[in-house]
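> Turn this into a model:
(chains A and B)
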Amino acid sequence: MFAAANTAASIVPATEIRVALAGNPNCGKTSLFNALTGARQHVANYPGVTVERRSGSCDIDDRSVSIIDLPGTYSLSSYSPEERVAQDELTATPDVVVMVADSTQLQRNLVLLAQIMQTGANPVLCLNMADEARAAGQKIDLPLMAKLLGFPVVETVGHRAQGVADLKRAIARAAAQPAGRSRLVLGELMEQALAAIRPLLPTRAEKIFASDWMAARLLAGDREYGARVQAMPGGQAALDEAKRQRERIEARAGVDIAVFVTERYFGFVDGLLREVRTQASTADARQLTDRIDAVLVHRIFGLPIFALVMYAIFWLTFKVGEVPMNWIDSGVHFLSIQVANLWPAGSPSLLRSLLVDGIIGGVGGVVVFLPNIVLLFLGLAFLEDTGYMARAAFLTDRLMHRFGLHGKSFIPMLSGFGCSVPGIMATRTLENHRDRLVTMLVLPLMSCGARLTIWMLIIPAFFPPAWRAPMLWFVYAVGIILALVLALILRKTLLRGDDAPFVMELPPYRLPTLRSVPIKMAERAGLYLRKAGTTILGISILLWAATAFPKPSSYRVDAEIAAGRIVVAATGHAPSQLTEQQVAARRAAENLEHSVAGRLGHTLEPVFRPLGFDWKIVTAMMGAFAAKEIFVAQMGIVYSIADADKGTAGLRAVLARDYSPLVALSLMLFLLVGTPCMATVVVTRRESGKWGYALLQLGGLTGIAYGLSALVFQVGRLFI
Amino acid sequence: MTVAARNTPDAEISSSLEDYLETIYLLVQEQGFARVKDVARARDVKAASVSIALRRLAELALVRYERREYIALTPSGEQAGRRVFSRHRLLTRFFEEVLSMPAGAAGEQACAMEHSLTDDAMDRLVRFFEFLGTCPSVVESFRQCPMVQDSKRGPHVHIGQLPDSCAVCSKKKESMSMSLGDVKPGQSAVVTKINAVGALRQRLLDMGVLPDTIIEIERVGLGGDPFWVRCQGARLALRRSEANSIVVRPAD
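All right, here's what the predicted structure looks like:
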């Protein structure tokens, strides 16, 4: 296979075609990207900024094609990180730029095309969602459009992968025959100005720096590019000319330059559409959407419906998720028994202990909650793909804004229910740095999927069935309320400043594409498992070692048997009568107390006594700092050493025996609010750019958690 | 009504004949009489030329010879002369007093213009001039307008690119026009100006919120915030504070 690939490469000497996919948000770009690349894609981050970089590859006639999915932007100005990233990718001059446009919104979508044409790129125009536009009665003369623009124009239906073959052919054609000079028409006044500035632009390796686009940015007074051009030799002359032209245009046109330039782009698109649109939409494509919105964002029913939607998603996550969870649970249980049986019963083998208690116990206890995480992200993907997420931001902005947050903070915070890490990463959609910081800092208060594993362990152990759902609701509610209050405090103290623009598009409702959902799910599951498989495995082994060593030289239980105070029998009911297994458990318990973790737990116990925690909980919480889900694994290890029985049900019974519901409540509050996991802290540091913010998050939240849990436990004790 | 019909009595009078009538009218007003040589001197032409013109005016029954050399205006001639003179005086004053031209240039421009205006246009100009007289603050603010003062703007005004308003007036205008935030749900408005700056301004422009586009408020969130608007076929959500930065006028 590799040999064949090599031969093909030697026959066709052509190099890889580099393609960039550009387009507005909500134009169906990602589903088109999925249709092009299939599973051959991966997600990473742009260095330095916080925008996801989605890249993939495919083959077109034996030529390999690498595709970059640019972040969705409305223009190429440089106000948001997305726009800057898109510009930078275009600066790297891909061979072909595929401009994906929503056919039902051509007017606004094609403004970006005009700007891309200015960069000197080699474009292919892809009119996506062509089926919707056709259904609404719009007719486009594609050959005429291609002729007028001077590059290929194709129609696609991204979510059904229609027209993808056409698009691939168009890409190949464009790569073979790059478009000639741009046929953009922006009017005499603008073109004169650009012609005056362009020859003065410093020539650089990147051709975008000598393009009409750069001239237009300087003309519009773009500060970022102004500064970059100024730093180049001869750049000042271009800036001076741009200023002169700007003043000339403003005096003659009588409008400010930003309005003038934008109007020129819209003007070009208007002119183009007048030529090529043989029939405008007769039906209002928004009709159905408007009817749905009349209900979903109803003045009074909007919020209750939203609450119901959220409830449905949590129901899906937790109720439906229980079924596969049980399968995994049984599987892990079966595996650990099989592995344990490789050794004779009661064997003191270290390897067996490592495999069964450390690795299978630790990682298995985490993987079991994978269905929850996948289902939650399924729900979120559904909200996002249907377009309801934007309505959610509309419905929640007033509330969020009141607490110094942004409607767009809502989506990352919602993702925080899945996992704080992607949630914090999702704060990139916020343009304003301060908005982002506030959202990021309070986001760990959103009870994440990993913490759900803790709630699922603790709540059924301590509360009767009728109380379980309300308790879960209560924990989530406390997190949300605390997050909002803290956000407000931060916005009034450390992070004061003006609001970023809220202006947000409300796209038409669309059925989510079945094609992209599995890809999204696999992506998130992969992220979660990688975290479980690497960090958690490492920590599990470390914790296993910390709980296994050092070993005591002799066991008290053996001494008591020797003294005749304890009798080993087949059945052990009386305190003085123990089975072989129970004796082994007693030894293990002594072993744990003697270990590093046990000693550290004992040392820290007085600090946590006001919260009602004993050394076992403290020991397990050390694991929870490393990663929240470790708490369960650690409790499992702690008790599986003390008790032969394994599995969550057994653990629950032991917990219910050892602690009161009040301790459980105090514990849940502490784990909800305090010590965001290591990964969260690390991601916060990376996203905020400063360790200071990450440490503020860690220290601040843990301090609040300590106070809150102590208060609950101490006050609660007075009543119970 | 056609121009010719409106000007029936003077239809055939050329602009040079009108000038003669005006001169004779002025001489009669000043010294009580007019002679051929006075007219020739006043108009800086040869007496022979004056005679030819006078013969033509006599044929039209606008002047008559009283004694040798002495010329008098017929009633219709006097009326025509007065008309031309008043136009001249009005236009001269307009160029001089309102547009601040030097006296000599103002007179020349008036002479060039006085013949070509129809009565109707003249009437309107008279009324406008009378209005300026009763409302001197208008002339004053015109003189003080920074856009009039700005010599860099050059002499050419391009049709269709007339500036919105100067900085002083746009401030006044803003205080009079309303913001999108004042528009009620279900109502439409036309964008006249975007006061937002920076990222918000660019975002609004990118979304197609441009001068002269129509925006309809479809709904507002619970408690009056945020706004849900329709603009160029798309739906946008924006906060009340942001809507307040968009200046609009009611849609027609």
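> dump the residue contacts of the spatially closest residue to A:Ala161 that is not a sequence neighbour.
Leaving aside its sequence neighbours, A:Ala161 sits nearest to A:Ala35 (Cβ to Cβ, 6 or more residues apart in numbering or on different chains; 4.1 Å). Using the backbone N, CA and C atoms, a C-beta is placed for each residue, glycine as well. Residues in contact with A:Ala35 (Cβ atoms under 8 Å, 6 or more residues apart in numbering or on different chains) are A:Gly158, A:His159, A:Ala161, A:Val164, A:Arg515.
> can you redo these as CSV with neighbour count, pLDDT and secondary structure?
Formatted as CSV, the contacts of A:Ala35 follow (neighbours: other Cβ atoms under 10 Å in any protein chain shown; pLDDT from 0 to 100; DSSP: H, G, I helix; E, B strand; the rest coil):
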residue, neighbour count, pLDDT, secondary structure
A:Gly158, 28, 84, helix
A:His159, 23, 81, helix
A:Ala161, 17, 84, coil
A:Val164, 18, 93, helix
A:Arg515, 15, 71, coil
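> Look up how far chain B lies from the residue nearest to A:Ala161.
Relative to chain B, A:Ala35 is positioned 25 Å away (criterion: Cβ to the nearest Cβ, to the nearest Å).
> what helix or strand does that residue sit in?
helix A:29-37 (DSSP states H and E).
> Domain map for the chain?
Using chain A here. Per automatic domain parsing, the domain ranges recorded for chain A read A:2-176, A:188-254, A:551-594.
> Correction: the question concerned chain B.
Split by automatic domain parsing, chain B gives B:11-117, B:175-250.
> between those domains, which gets the lowest average pLDDT?
The minimum mean pLDDT among the domains of chain B belongs to domain B:11-117 (a mean of 82).
> how far does that domain sit from the chain's center?
Centroid separation between domain B:11-117 and its chain, computed with Cα atoms, centre = their mean, to the nearest Å, is 26 Å.
> Please apply the same query to stretch A:712-720.
The gap between where stretch A:712-720 is centred and where its chain is centred comes out at 39 Å by Cα atoms, centre = their mean.
> pLDDT averaged over that stretch, what's the number?
In this model, stretch A:712-720 has a mean pLDDT of 89.
> what does chain B put close to chain A?
When proximity is defined by Cβ under 8 Å from any Cβ of the partner chain, chain B lies next to chain A at B:150, B:152-153, B:158, B:161-164, B:194, B:196, B:198-208, B:210-211, B:219, B:221-223, B:225-226, B:228, B:232-239, B:241-242.
> Keep only those of these that are in strands.
Those of those mapping onto strands are B:Ile194, B:Arg219, B:Trp228, B:Ala234, B:Arg235, B:Leu236, B:Ala237, B:Leu238, per DSSP state E.
> Most neighbours among the residues you listed, which one is it?
With neighbours taken as other Cβ atoms under 10 Å in any protein chain shown, the top of those is B:Leu238, carrying 30 neighbours.
> contacting residues for that residue?
When contacts are counted by Cβ under 8 Å, 6+ apart, B:Leu238 touches A:Pro501, A:Phe502, A:Val503, A:Met504, B:Pro226, B:Phe227, B:Val229.
> excluding its backbone neighbours, what's nearest it?
Nearest non-adjacent residue to B:Leu238, counting by Cβ to Cβ, 6+ apart: A:Val503, 4.7 Å away.
> In this structure that neighbour contacts B:Leu204, no?
Yes - the criterion here is Cβ atoms under 8 Å, and A:Val503 meets it with B:Leu204 at 6.2 Å.
> so what sits against both of the two?
Listed contacts common to A:Val503 and B:Leu204 are B:Glu242; contacts here mean Cβ under 8 Å, 6+ apart.
> Excluding chain neighbours, give the residue nearest to B:Thr23 in space.
With sequence-adjacent residues excluded and distances taken as Cβ to Cβ, 6+ apart, B:Thr23 is closest to B:Ala42, at 5.0 Å.
> Same check on A:Asn128?
Setting aside the residues directly before and after it, A:Asn128 is nearest to A:Gly28 in space (Cβ to Cβ, 6+ apart), at 4.6 Å.
> quick one on the thing from earlier: out of the domains of chain A, which is the most enclosed?
Stretch with highest mean neighbour count among these: domain A:2-176 (a mean of 20; mean count of other Cβ atoms under 10 Å in any protein chain shown).
> Looking at the residue nearest to A:Asn128 now. What's its pLDDT?
As predicted, A:Gly28 sits at a pLDDT of 85.
> what do you get for the one 5 residues further on?
At A:Phe33, the pLDDT value in this model is 90.
> where does the stretch 551-700 of chain A dip in pLDDT?
A:571-575, A:581-582, A:585-586, A:588-589, A:623, A:626-627, A:633, A:636-650 (pLDDT under 70).
> In it, what residue spans correspond to helices?
Counting by DSSP state H, counting those that start in this stretch, the segments of the stretch 551-700 of chain A that form helices are A:556-562, A:580-594, A:596-608, A:615-626, A:630-642, A:648-658, A:661-673, A:678-688, A:691-719.
> Which one, of these, ends up nearest to B:Val63?
helix A:678-688 (95.8 Å; Cβ to Cβ).
> Now residue 17, what are its backbone angles?
Going with chain A. phi -90, psi 130 (degrees, to the nearest 10).
> In contact with it, which residues are there?
Shown in contact with A:Ile17 (Cβ under 8 Å, 6+ apart): A:Ile60, A:Arg63, A:Ser64, A:Val65, A:Ser66, A:Asp95, A:Val96, A:Ile171, A:Ala172, A:Ala175.
> Check A:Leu665 too.
A:Val712, A:Phe713, A:Gly716.
> Leaving out sequence neighbours, find the closest residue to the first one.
Same thing as A:Val712. Take A:Val712 and drop its neighbours on the chain: the residue closest to it by Cβ to Cβ, 6+ apart is A:Ser666, 5.2 Å away.
> from memory that neighbour sits against A:Phe713, does it?
Yes - here A:Ser666 reaches A:Phe713: they are 4.2 Å apart, a contact under Cβ under 8 Å.
> Looking at the two, which has the bigger crowd around it?
Taking neighbours as other Cβ under 10 Å, A:Ser666 and A:Phe713 compare with A:Ser666 leading, 28 against 23.
> Can you show me the strands along chain A?
Here chain A has its strands, by DSSP E, at A:17-23, A:41-45, A:52-60, A:63-69, A:96-102, A:123-128, A:139-140, A:153-155, A:277-279, A:504-505, A:567-568, A:577-578.
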